[in-house]
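1. the amino acid sequence is not available; the structure is as follows:
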């Protein structure tokens, strides 16, 4: 067999292998997510975490330039040879993507690990939404002493990254598998394009750096940082990352983190009611402090001002990417963390 066919064929073998791996989540959980992966991620963060800039973003930048150069250099090469070369490169990237992080897509679901149900009734959702409104109102008042003032976080983004560790330290005392070690959180060098793509952050699976969009409204920054940090610990599902990020933010002693976490969760609850019953939504909105609604408006205006066809295109791409990686709800999976919250707090105080 000619060598040029080996890597493309291995890509097919990998895809078939992953379909089989779907049948063995316990194996992935024990031997990869709690075995190989922690060692790989700690190594990556030890090597790159101390850098004050995103090494992964620089790699991506070099890759983009190299790709343009490669296509230019090979513009006269016949399409078959060129296609085999591209498939070979994709095969290597696909392998590294899964070995370094993405096998976590095939681990046991968090609701099984934490023994949480995933179904709830409208009555349960309404009760939880009312409770979280009370909690968010309470924290907004403690910070501003004025129900009409929006919350302004007084910290730099670097300080937020540092304080985010406190919430995970508290959370890990109750759940040791949420222990976060060796920080590697970075403001993305691609914050401007990320904004137009509609993303608040992402995890670089090759360097294990938690990237946060440095342009997003600051009150969103703590909850977004906590979300991306959960991905670093091997929780690939967006709904699970939202839930873990929420827990770590709200268990932080810092009021600004609590506000970021609770207001983030409340927004998802309200979005659920927007779909389920607009009349109930209007009644709930009347009970929320105006200052909180101002923060929501701040976020809405920010994203609307940066919405283009690029945003739409990337959302379609990412929606399908999530579906291909065991998140059948695609982008809607972000809001599925409401399922986890409602059931987690069914027998617990907020």
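-> Yep, it's here. On a predicted model such as this, the values are computed, not experimentally measured, just so you know.
2. ok, and the closest non-adjacent residue to residue 236?
-> Residue nearest to residue 236 in three dimensions, not counting chain neighbours: residue 104, with 4.2 Å by C-beta to C-beta, 6 or more residues apart in numbering. C-beta coordinates here come from the backbone N, C-alpha and C atoms, glycine included.
3. surely residue 210 is within a strand?
-> Yes - read with DSSP: H, G, I helix; E, B strand; the rest coil, residue 210 is one of the residues of a strand.
4. tell me what it is bridged to.
-> In this entry, residue 210 is beta-bridged to residue 185, residue 203, by DSSP bridges.
5. residue boundaries of the strands in the protein?
-> Using DSSP state E, the strands of the chain run over residues 185-187, 201-204, 209-212.
6. what sits up against the last one?
-> To tie it back to what came earlier, the one meant is strand 209-212. 44-45, 48-49, 54-57, 157, 184-188, 190, 200-204, 221, 224-225, 228-229, 231-232 (C-beta atoms under 8 Å, 6 or more residues apart in numbering).
7. go on, the second one?
-> Outside strand 201-204, the residues that touch it by C-beta under 8 Å, 6+ apart are 54, 56-57, 60, 101, 188, 194, 209-213, 216, 224-225, 227-228, 231-232.
8. the same query, at a cut-off of 10 Å, please.
-> 44, 48, 54-57, 59-60, 100-101, 184-188, 190-191, 194, 209-214, 216, 220-221, 224-225, 227-232, 236, 241, 318 (C-beta atoms under 10 Å, 6 or more residues apart in numbering).
9. now swap in stretch 337-344 and tell me
-> Contacts of stretch 337-344 (C-beta under 10 Å, 6+ apart): 109-111, 114-121, 124-129, 132, 227, 237-247, 264-265, 268-269, 271-272, 350.
10. pLDDT-wise, which helix or strand of this protein ranks last?
-> helix 309-324 (a mean of 58; mean pLDDT, DSSP states H and E).
11. quick revisit: most packed of the strands of the chain?
-> Of all the strands of the chain, strand 209-212 has the most neighbours on average by mean count of other C-beta atoms under 10 Å, namely a mean of 28.
12. any idea how far residue 124 is from residue 112?
-> Relative to residue 124, residue 112 is positioned 20 Å away (C-beta to C-beta, to the nearest Å).
13. actually, residue 48.
-> Residue 48 is 43 Å from residue 124, where distance means C-beta to C-beta.
14. which of these two has more neighbours?
-> residue 48 (19 against 14; other C-beta atoms under 10 Å).
15. just the ones in helices from the contacts of strand 201-204, please.
-> Taking DSSP state H, the ones among the contacts of strand 201-204 that sit in helices are 44, 48, 55-57, 59-60, 100, 191, 194, 221, 224-225, 227-232, 241, 318.
16. where does the prediction get shaky in the chain?
-> 1, 309-335 (pLDDT under 70).
17. domain ranges for it?
-> With domains defined by automatic domain parsing, the chain comprises 3-106, 110-344.
18. and the last one, how far apart are its ends?
-> Right, the one you point to is domain 110-344. This stretch, domain 110-344, spans 12 Å end to end (C-alpha to C-alpha, to the nearest Å).
19. same check on stretch 139-159?
-> End to end - C-alpha to C-alpha - stretch 139-159 spans 20 Å.
20. give me the number of residues near the residue lying closest to residue 208 once chain neighbours are set aside?
-> Take residue 208 and drop its neighbours on the chain: the residue closest to it by C-beta to C-beta, 6+ apart is residue 44, 3.8 Å away. The tally of other residues near residue 44 (other C-beta under 10 Å) stands at 23.
21. isn't residue 44 up against residue 96?
-> No - if you go by C-beta atoms under 10 Å, residue 44 and residue 96 don't touch, sitting 11.8 Å apart.
22. shared neighbours, the two?
-> In contact with both residue 44 and residue 96: 205-206, using C-beta under 10 Å, 6+ apart.
23. isn't residue 240 right up against residue 177?
-> No - judged on C-beta under 10 Å, residue 240 makes no contact with residue 177 at a distance of 11.8 Å.
24. give me the common contacts of the two.
-> Counting by C-beta under 10 Å, 6+ apart, the contacts common to residue 240 and residue 177 are 110, 113-114.
25. ok, residue 237 to residue 339 distance?
-> Taking C-beta to C-beta as the measure, residue 237 falls 12 Å from residue 339.
26. swap in residue 296?
-> Counting by C-beta to C-beta - residue 296 and residue 339 are separated by 22 Å.
27. could you pull up the residues touching residue 89?
-> Residue 89 neighbours (C-beta under 10 Å, 6+ apart): 7-8, 11, 67, 70.
28. ok, now how distant is it from residue 172?
-> 39 Å.
29. also residue 243?
-> In this view, residue 243 and residue 172 are 15 Å apart by C-beta to C-beta.
30. how about the residue nearest to residue 208, what does it touch?
-> Per C-beta under 10 Å, 6+ apart, neighbours of residue 44: 55-56, 100-101, 182, 184, 204-209, 232.
31. one step back: which one of the domains of the chain is the most hemmed in?
-> When you average the neighbours per residue for each of the domains of the chain (mean count of other C-beta under 10 Å), domain 110-344 leads with a mean of 19.
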